[in-house]
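**Q** Let's see this in three dimensions:
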Amino acid sequence: MNWMEMIRVGYSVGVLIVGLTLAGCGEQKGAGGPPQRAIPEVVVVAVQPERLTITAELPGRVSAFLVAEVRPQVSGIIQKRLFEEGTDVKAGAALYQIDSALFEAAHAGARAELARAEANLTTTRLRAGRYKDLVAIKAVSQQDYDDITAALTQAEAAFEVGKAAVETTRINLAYTGITAPISGRIGKSAVTIGALATAYQGLAFTTIQQIDSVYVDVPRSSAALLRMKEAMASGNLKGDSVSQAKVKLLLEDGTPYALEGVLKFSDVTIDQSTSSYILRMIFPNPDHILLPGMYVRAVIEEGVNEQAILVPQQGVTRDLKGNPIALIVDNDDKVQQRTLTLDRAIGNRWLATSGLKPGDRVIVEGLQKVKPGAPVKVLPSDVGRKSGSDDVTTVKPAEKAN
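**A** Numbers count the residues shown, from 1 in each chain. Got it, this is the predicted structure:
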């Protein structure tokens, strides 16, 4: 055997050995089967019913309890301003003095006319009395008696006209002193001394506002009202009515107002341009913290949900149609998908009105690793759990989720 044959034999033996080695490896792999995939681990939260006090937080504006615009009722020149701007005034306090000289003269003339009419009435009445006796004995004619009787009636009428003229001039004279119609905080003066006042003019001299108690008017959508009535009708929400609700207030900087208010009424007319109606509340304001025009947020108690289901927000996703969904783990530790109906956001949780039942284990971590029907390994979590289910939770609503 030459060296070329030896090389060919060696090559053939090497190929045979490699083939046998690969075949053995293939048989070993086939015997073990494909590798098993690890079961994904997820973190779940078991939802349980809770007692919630449902509130609505609505923006609004403060308005004065009473507002009076001060205007002159007679014309003339302003002689005095008798108040300090921005102070509290009492009802009846003098505010302005209009020049009263002409009104005093008119009042004096009216009193003089009344005195003359009274004197004429007295003499006419005496003459009529005498004529009455004389006509009985036919000492005067019936015509003369009729004339004096008519003259007496005219004198009595002139006397009444005189009294009315005196009263009119007295009232006009009193109107030269402009007084406060209500008690409250007076604003700036729109006129100065020497200005001309015109009776019942459009421009108010000043404005008085009573703010010991104030109104807060807030708009609310008609859709929110319908949702609340539907929740009460279905039994999910308990409460007498919105008119019985307690009202609290948050100031413009978010600070809670110390005193609680009362809901006075809700308007019965829906504004067509905004599809909203007005709720009016009254708040005590002894320290004058609330000022007319101030922006506030009213927190209105709507009712109590005794069996509220709250689900952590990280456990809620959306399907291709935008519907909220949650993945839960069933009793066989397999994933199931639930379509939810959400009412509002409560902190970092959603209030779910349908789609979940007490005890459902909602996946809050590991959602990206699972799909419906797949088995999972459950890890416990305290996310979203409360220390006690009987605690009353006051919630801040958001827009309806779907």
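**Q** Every contact and neighbour count from this point should use C-alpha atoms.
**A** Will do.
**Q** longest strand anywhere in this structure?
**A** strand 49-70 (DSSP state E).
**Q** Any buried residues in it, and which?
**A** 49-68, 70 (16 or more other C-alpha atoms under 10 Å).
**Q** Which other helices and strands does it contact?
**A** Judged by 3 or more C-alpha pairs under 8 Å, 6 or more residues apart in numbering; DSSP states H and E, strand 49-70 is in contact with strand 206-221, strand 295-312, strand 393-394.
**Q** Pairing partners for the helix or strand following that strand, with directions?
**A** Next along the chain after strand 49-70, taking DSSP states H and E as the criterion, comes strand 76-81. Paired neighbours of strand 76-81 in the sheet (DSSP bridges): strand 94-98 (antiparallel), strand 196-197 (antiparallel).
**Q** so what's the residue nearest to Gly355 when sequence neighbours are not counted up against?
**A** Nearest non-adjacent residue to Gly355, counting by C-alpha to C-alpha, 6 or more residues apart in numbering: Leu340, 4.4 Å away. Neighbour list for Leu340: Asn323, Pro324, Ile325, Ala326, Ala352, Thr353, Ser354, Gly355, Leu356 [criterion: C-alpha atoms under 8 Å, 6 or more residues apart in numbering].
**Q** related to what we said a few turns ago, of the helices and strands packed on strand 49-70, which approaches Ile270 most closely?
**A** strand 206-221 (8.6 Å; C-alpha to C-alpha).
**Q** then that closest one to PDB, C-alphas only?
**A** Provided in PDB are the C-alpha atoms of strand 206-221 (Å, rounded to 0.1, in the frame of the first residue of the first chain):
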ATOM      1  CA  THR A 206     -70.800 102.800  44.800                       C
ATOM      2  CA  THR A 207     -71.700  99.200  45.600                       C
ATOM      3  CA  ILE A 208     -72.300  97.500  49.000                       C
ATOM      4  CA  GLN A 209     -71.800  93.800  49.300                       C
ATOM      5  CA  GLN A 210     -72.800  91.600  52.200                       C
ATOM      6  CA  ILE A 211     -70.200  88.900  52.600                       C
ATOM      7  CA  ASP A 212     -70.700  87.500  56.100                       C
ATOM      8  CA  SER A 213     -72.200  84.700  54.200                       C
ATOM      9  CA  VAL A 214     -71.500  84.100  50.500                       C
ATOM     10  CA  TYR A 215     -72.900  82.100  47.600                       C
ATOM     11  CA  VAL A 216     -70.800  79.700  45.500                       C
ATOM     12  CA  ASP A 217     -72.300  79.000  42.100                       C
ATOM     13  CA  VAL A 218     -70.900  76.000  40.200                       C
ATOM     14  CA  PRO A 219     -71.900  74.500  36.800                       C
ATOM     15  CA  ARG A 220     -72.400  70.800  36.400                       C
ATOM     16  CA  SER A 221     -72.900  68.800  33.300                       C
END
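**Q** for that strand, packing partners?
**A** strand 49-70, strand 184-186, strand 276-284.
**Q** Tell me which of these approaches Ala223 most closely.
**A** strand 276-284 (8.3 Å).
**Q** what mean pLDDT does that closest one have?
**A** Taken as a whole, strand 276-284 has a mean pLDDT of 89.
**Q** what residues does it touch?
**A** Contacts of strand 276-284 (C-alpha under 8 Å, 6+ apart): 212-222, 247, 259-271.
**Q** And stretch 251-270, end to end?
**A** 27 Å (C-alpha to C-alpha, to the nearest Å).
**Q** in it, what counts as buried?
**A** Buried, per 16+ other C-alpha under 10 Å, within stretch 251-270: Tyr257, Gly261, Val262, Leu263, Ser266.
**Q** Which of those residues fall within strands?
**A** Those of the buried residues of stretch 251-270 lying in strands (DSSP E): Gly261, Val262, Leu263, Ser266.
**Q** Most widely separated two among those?
**A** Gly261 and Ser266, at 14.4 Å, using C-alpha to C-alpha across those.
**Q** quick one: average pLDDT of the lengthiest helix in the chain?
**A** The residue-count maximum for a helix in the chain (DSSP state H) belongs to helix 101-136. Mean per-residue pLDDT for helix 101-136: 93.
**Q** ok, now stretch 147-167?
**A** Mean pLDDT, stretch 147-167: 94.
**Q** swap in stretch 196-211?
**A** Mean predicted lDDT for stretch 196-211 stands at 95.
**Q** List the buried residues of that stretch.
**A** Ala197, Phe205, Thr206, Thr207, Ile208, Gln209, Gln210, Ile211.
**Q** Distance across that stretch, terminal residue to terminal residue?
**A** Stretch 196-211 end-to-end distance (C-alpha to C-alpha) = 31 Å.
**Q** same thing with stretch 135-146?
**A** 10 Å.
**Q** Please compute how far it lies from its chain's middle.
**A** Chain-centre distance of stretch 135-146: 81 Å, with C-alpha atoms, centre = their mean, to the nearest Å.
**Q** same thing with stretch 315-329?
**A** Distance, centroid of stretch 315-329 to centroid of chain: 34 Å (C-alpha atoms, centre = their mean).
**Q** residue closest to the middle of this structure?
**A** Val218 (2.3 Å; C-alpha atoms, centre = their mean).
**Q** So Gln143 belongs to a strand, correct?
**A** No: according to DSSP: H, G, I helix; E, B strand; the rest coil, the state of Gln143 is helix, so it is not within a strand.
**Q** any low-confidence regions in the stretch 301-402 of the chain?
**A** 380-402 (pLDDT under 70).
**Q** ok, back up a step: just the buried residues of stretch 251-270 now: which is nearest Leu379?
**A** Tyr257 (43.9 Å).
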